[in-house]
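*Asks:* Fold the following, please.
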Amino acid sequence: MHSPTTRRGFLASIAAPLAASQLLAQPKKKLNVLFIAADDLNTTLGCYGHPEVKTPNVDRLAAMGVRFERAYCQFPLCGPTRSSLLTGRRPDTTKVLENNVDFRDFLPDVITLPQLFKQNGWYSAREGKMYHMNVPQEVTSPKYQDPASWDHSVSPGGPELKSEGEVRRLSKPGVNLGMQWMSVANGKGQSDTNAADNALKLLEEHKDKPFFMGLGFVRPHLPWVAPQKFYDMYPLEKIPLPVNPPGDLDDIPAAHKAIRPQLWNHMKMDEPLIRQARRGYYASTSFMDEQLGRVLDGMEKMGLMDNTIIVFWGDHGWSLGEHTHWQKMNLMEESTHVPLIIRAPGKKGNGKVCRALVEFVDLYPTLAELCGLKAPDGLEGQSMARLLDSPSQKFKKAAFTQIKFEDVIGRSVRTDRYRYTNWETHGGGEELYDHVKDPGEFTNLANKPEAKKVLEQHREMLKAGWRAARA
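*Replies:* Residues are numbered from 1 along each chain as shown. Presented below is the predicted three-dimensional model:
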């Protein structure tokens with residue numbers, strides 16, 4: 001017969017492993033997602049090696065996460081690229097090939113990325129521009145922001161060009177899609193400041209339950225509204241001019257130059273105006289960066305960093321005078337290449353750079369996998385989750401970007417070394433650039449006999465499509 005002491009010890013020895021097994025059986029705490037978009041942001045960022053632009057908070061996030069060196073959008077325009085990213089479908093599937101089109105008209109029952117989280121118990125919130133929004137005229141409008149995606153959906157807006165301050169128009173009268181900058185005394189009450197303020201308040205209110213927070217900054221989208229202190233960071237005389245070789249446009253097909261033709265030839269700006277334009281973009285980028293920093297600071301103070309995936313992205317690239325082109329809507333590297341940073345807690349790749357080719361459609365399945373959610377059928381990307389632990393591994397063979405403007409249709413494929421573009425209408429034509437020898441895409445090899453084999457290979461890759469390019 002056991003003594004009371006022996007019996008207590010025996011029972012304790014049984015209870016201990018039972019308690020351990022019960023702990024192991026407990027469901028893991030759900031990861032939060034902070035999903036941050038910057039409108040019209042290209043890779044003129046410190047962490048991407050830009051020598052002039054100051055973005056300490058984007059750089060800080062890159063140092064904490066995985067910076068994707070070669071990420072590409074599916075369409076170099078706000079509405080189509082955002083619809084593609086947030087549905088996980090390519091533009092041919094969403095049928096969104098221009099701005100001011102609702103993807104629900106074509107895919108009424110599609111489950112969007114934030115909607116997936118909402119349906120699975122996450123608090124889904126939007127502050128600022130997430131889907132398409134015309135800036136500056138609709139910064140307070142909920143139009144196109146897809147109510148089904150959110151529990152909370154706000155377009156905080158701001159005064160934009162109605163602010164007090166110096167305004168300067170850069171493009172000539174009569175030039176559509178004109179450019180202008182504005183310096184204000186401070187950033188209080190501006191769209192991005194308000195979005196950051198509101199996001200911090202929501203995070204504080206919902207920090208104890210899982211959330212998916214879509215935070216959309218409108219800068220550096222035109223007009224370049226920023227406090228004067230950010231313009232002071234970039235003395236005008238030190239702003240470099242774009243360098244384009246003589247005759248650079250001669251070997252670019254007419255179809256390419258027919259897309260918003262007013263955006264080529266520097267939009268008729270002279271060198272002093274070009275410097276002002278670049279300065280405006282730099283200043284508003286740094287202003288956006290400051291708001292990002294405020295949100296990151298708040299996340300740290302709230303103790304949310306250890307349980308939150310942070311994704312930072314710019315919706316497409318933006319030309320700053322390369323090839324004499326400005327803004328978006330071309331199929332050159334400057335317009336298709338995008339910034340992308342993912343910081344997921346506990347991943348071995350944090351602090352490293354990934355050079356694998358990735359696409360925006362890959363974000364949806366990635367976040368679903370990281371958060372243990374079953375992704376819906378029909379997604380047209382592939383999860384990048386394994387790259388967050390091992391950024392140096394191979395991923396996919398190519399990234400695909402397309403464009404449509406009036407009767408002009410172009411499709412481009414970016415491989416490890418080359419960019420190939422085919423123009424289907426408006427006279428047709430092809431482009432092929434070697435990014436090892438010609439990273440600026442100044443020499444079109446499509447008509448060079450020595451490039452015939454590579455040209456054929458890329459024609460076939462474009463024809464085979466994205467499914468054939470999967471890893």
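*Asks:* and the closest residue to Pro339 other than its chain neighbours, what is it in contact with?
*Replies:* In this structure, Pro339 finds its nearest non-sequential neighbour in Gly314, 4.7 Å apart by C-beta to C-beta, 6 or more residues apart in numbering. (Each C-beta comes from the backbone N, C-alpha and C, glycine too.) With contact set as C-beta atoms under 8 Å, 6 or more residues apart in numbering, Gly314 has these partners: 37-43, 338-340.
*Asks:* Make JSON lines out of these and add pLDDT and secondary structure.
*Replies:* JSON lines is the format used below for the contacts of Gly314 (pLDDT from 0 to 100; DSSP: H, G, I helix; E, B strand; the rest coil):
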{"residue": "Ala37", "pLDDT": "98", "secondary structure": "strand"}
{"residue": "Ala38", "pLDDT": "98", "secondary structure": "strand"}
{"residue": "Asp39", "pLDDT": "98", "secondary structure": "coil"}
{"residue": "Asp40", "pLDDT": "98", "secondary structure": "coil"}
{"residue": "Leu41", "pLDDT": "98", "secondary structure": "coil"}
{"residue": "Asn42", "pLDDT": "98", "secondary structure": "coil"}
{"residue": "Thr43", "pLDDT": "98", "secondary structure": "coil"}
{"residue": "Val338", "pLDDT": "98", "secondary structure": "strand"}
{"residue": "Pro339", "pLDDT": "98", "secondary structure": "coil"}
{"residue": "Leu340", "pLDDT": "99", "secondary structure": "strand"}
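*Asks:* List just the nearest of those residues to Lys207.
*Replies:* Distance ranking of the contacts of Gly314 against Lys207, using C-beta to C-beta, places Ala37 first at 21.3 Å.
*Asks:* That closest one contacts Arg219, correct?
*Replies:* No. Ala37 lies out of contact with Arg219 (C-beta atoms under 8 Å); the separation is 11.1 Å.
*Asks:* Have a look at these two and say which one is more surrounded.
*Replies:* Using other C-beta atoms under 10 Å as the criterion, Ala37 and Arg219 rank with Arg219 on top: 29 against 23.
*Asks:* for this structure, longest helix please?
*Replies:* Secondary structure of the chain per DSSP state H: the longest helix is helix 271-301.
*Asks:* Okay, buried residues for it please.
*Replies:* 273-296, 298-299 (16 or more other C-beta atoms under 10 Å).
*Asks:* How about stretch 430-443?
*Replies:* Going by 16+ other C-beta under 10 Å, stretch 430-443 has these buried residues: 430-435, 440-442.
*Asks:* Out of the residues you listed, which two sit at the greatest distance?
*Replies:* Most distant of those, by C-beta to C-beta, are Glu430 and Gly440, 18.5 Å apart.
*Asks:* Give me the neighbour count for the nearest residue to Thr308 once chain neighbours are set aside.
*Replies:* Distances taken as C-beta to C-beta, 6+ apart put Asn32 closest to Thr308, at 4.1 Å, once the chain neighbours are dropped. Neighbour count for Asn32, taken as other C-beta under 10 Å: 25.
*Asks:* where does this protein dip in pLDDT?
*Replies:* Residues of the chain that meet the criterion pLDDT under 70 lie in 1-27, 174-176.
*Asks:* now the helices: where do they sit in it?
*Replies:* 4-25, 56-64, 78-87, 91-94, 113-119, 191-206, 228-232, 254-257, 271-301, 333-336, 363-370, 385-389, 452-464.
*Asks:* Out of these, which is the most enclosed?
*Replies:* helix 78-87 (a mean of 27; mean count of other C-beta atoms under 10 Å).
*Asks:* Can you tell me how far Gly128 is from Leu373?
*Replies:* 24 Å (C-beta to C-beta, to the nearest Å).
*Asks:* okay, those two: which has more neighbours?
*Replies:* Neighbours per residue (other C-beta under 10 Å) separate Gly128 from Leu373, with Gly128 holding more: 28 against 17.
*Asks:* if I read this right, the more buried one contacts Asp197, doesn't it?
*Replies:* No. Gly128 is beyond contact range of Asp197, at 10.8 Å (criterion: C-beta under 8 Å).
*Asks:* Mutual contacts of these two, please.
*Replies:* Pro156.
*Asks:* thought Asn350 was touching Val66?
*Replies:* Yes. Asn350 lies in contact with Val66 (C-beta under 8 Å); the separation is 6.5 Å.
*Asks:* Identify the contacts common to these two.
*Replies:* 343, 388.
*Asks:* Stretch 148-160: which residues count as buried?
*Replies:* Judged by neighbour count using 16+ other C-beta under 10 Å, the buried positions of stretch 148-160 are 148-160.
*Asks:* With distance to His256 as extra columns, can I get these in JSON lines?
*Replies:* Below are the buried residues of stretch 148-160 laid out as JSON lines (distance: C-beta to C-beta, whole Å):
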{"residue": "Ala148", "distance to His256": "37"}
{"residue": "Ser149", "distance to His256": "35"}
{"residue": "Trp150", "distance to His256": "38"}
{"residue": "Asp151", "distance to His256": "43"}
{"residue": "His152", "distance to His256": "42"}
{"residue": "Ser153", "distance to His256": "37"}
{"residue": "Val154", "distance to His256": "39"}
{"residue": "Ser155", "distance to His256": "34"}
{"residue": "Pro156", "distance to His256": "37"}
{"residue": "Gly157", "distance to His256": "35"}
{"residue": "Gly158", "distance to His256": "35"}
{"residue": "Pro159", "distance to His256": "37"}
{"residue": "Glu160", "distance to His256": "32"}
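*Asks:* Sitting in strands, which of these do you find?
*Replies:* 152-154 (DSSP state E).
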